[in-house]
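Novice: Kindly return the folded structure for what I paste below:
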Amino acid sequence: MTNSMKERKKFITPEKAASLIPVLISAGISILLIIFFVIPKYIQSTKVNLELNELVRKKNELDKLKSQYKIINKKFDKLNKEKAIIKTLISGTSNLDTLIAVLGEVGKENNIEFISIVPKKVIKAVESNNLKNPNKTNDEGDLIVDPLLVEGTKKYIIDFTFKAEFVNLLSFLRQLEFQENVILINNIDLRLLNQSSNNIKNANPYEKLVAKLTMTFYGKN
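Specialist: Numbers count the residues shown, from 1 in each chain. A predicted model of the protein is given here:
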């Protein structure tokens, strides 16, 4: 026991204690610096690095989105141009007044004598975002599916009654086919003006007929 006490006293000498205290103080200061300065700075640096990586990721995604937007925008422009072409092919550049005026000119050229012009219905295409109801009448709201009735156009259904010679009638109908607007003809009823003969097949080509028909015009909205 006495020997161990003596050895311990020899191990902790004043000289060793004097040199050990600064080491302990330095170690304590280092630990404090690590706890209160280095570790917070490391955490902050890690957080900044994560935010930077996130910003880089978002930037890359933004670049991809910009590229996709350009592609989509080009496709949208192409579709708009195609839509405009289709609209022009169907409805031309005319409205109802212009169509009637053109019809009158064509009729005049072919010696057509109009008896009556009776508008039956005007159908307007609704906006394309209403997919369930693509077409409807503007007065009664009846749903009508018509592939030719595109957005920005109207469909005019009109009953015509007129007098004409058979050859002039054929010429009149042929000329209508070459108009810029799509014109559909249905419900044609022909009878001889001279009631003494009802056989149209054997009638004289220059004999007067009374024609009743329904025309469908497609014009711009």
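Novice: This protein: helices as residue ranges?
Specialist: In the chain, the helices defined using DSSP state H lie at 2-11, 14-33, 39-91, 96-109, 166-177.
Novice: Next, format those as a markdown table and append mean neighbour count.
Specialist: Where C-beta positions appear, they are placed from N, C-alpha and C, glycine not excepted. Formatted as a markdown table, the helices of the chain follow (neighbours: other CB atoms under 10 Å):
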| stretch | mean neighbour count |
| --- | --- |
| helix 2-11 | 8 |
| helix 14-33 | 10 |
| helix 39-91 | 11 |
| helix 96-109 | 15 |
| helix 166-177 | 16 |
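Novice: want to throw those helices into TSV with distance to Lys212 and mean pLDDT?
Specialist: Formatted as TSV, these follow (distance: least, CB to CB, whole Å; pLDDT from 0 to 100):
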stretch	distance to Lys212	mean pLDDT
helix 2-11	131	52
helix 14-33	105	70
helix 39-91	26	81
helix 96-109	15	84
helix 166-177	12	88
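Novice: Look up which residues are beta-bridged to Glu113.
Specialist: Beta-bridge partners recorded for Glu113 (DSSP bridges): Lys163.
Novice: where's it relative to Ala164, distance?
Specialist: For Glu113, the distance to Ala164 (CB to CB, to the nearest Å) stands at 7 Å.
Novice: who's more crowded, the two?
Specialist: Ala164 (23 against 12; other CB atoms under 10 Å).
Novice: Now do the nearest residue to the more buried one once chain neighbours are set aside: how many residues are near it, please.
Specialist: Leaving out its chain neighbours, the residue that sits closest to Ala164 by CB to CB, 6 or more residues apart in numbering is Ile112, at 4.8 Å. Neighbours of Ile112 under the rule other CB under 10 Å: 21.
Novice: One more: the one 4 residues further on?
Specialist: Burial of Ser116 is recorded as 9 neighbouring residues (other CB under 10 Å).
Novice: So it is in contact with Ile158, correct?
Specialist: No - between Ser116 and Ile158 there is no contact under CB atoms under 8 Å: 10.2 Å.
Novice: domain assignment for the chain?
Specialist: Using automatic domain parsing, the domain parsing of the chain gives 2-89, 96-220.
Novice: The nearest residue to Lys154 once chain neighbours are set aside pairs with what?
Specialist: Using CB to CB, 6+ apart and skipping the chain neighbours, the partner closest in space to Lys154 is Lys124 (5.0 Å). Listed by DSSP bridges, the beta-bridge partners for Lys124 are Lys136, Lys154.
Novice: Check the gap between Lys124 and Glu151 for me.
Specialist: Lys124 is 10 Å from Glu151, where distance means CB to CB.
Novice: and if you look at Ile117?
Specialist: From Ile117 to Glu151 the distance is 28 Å (CB to CB).
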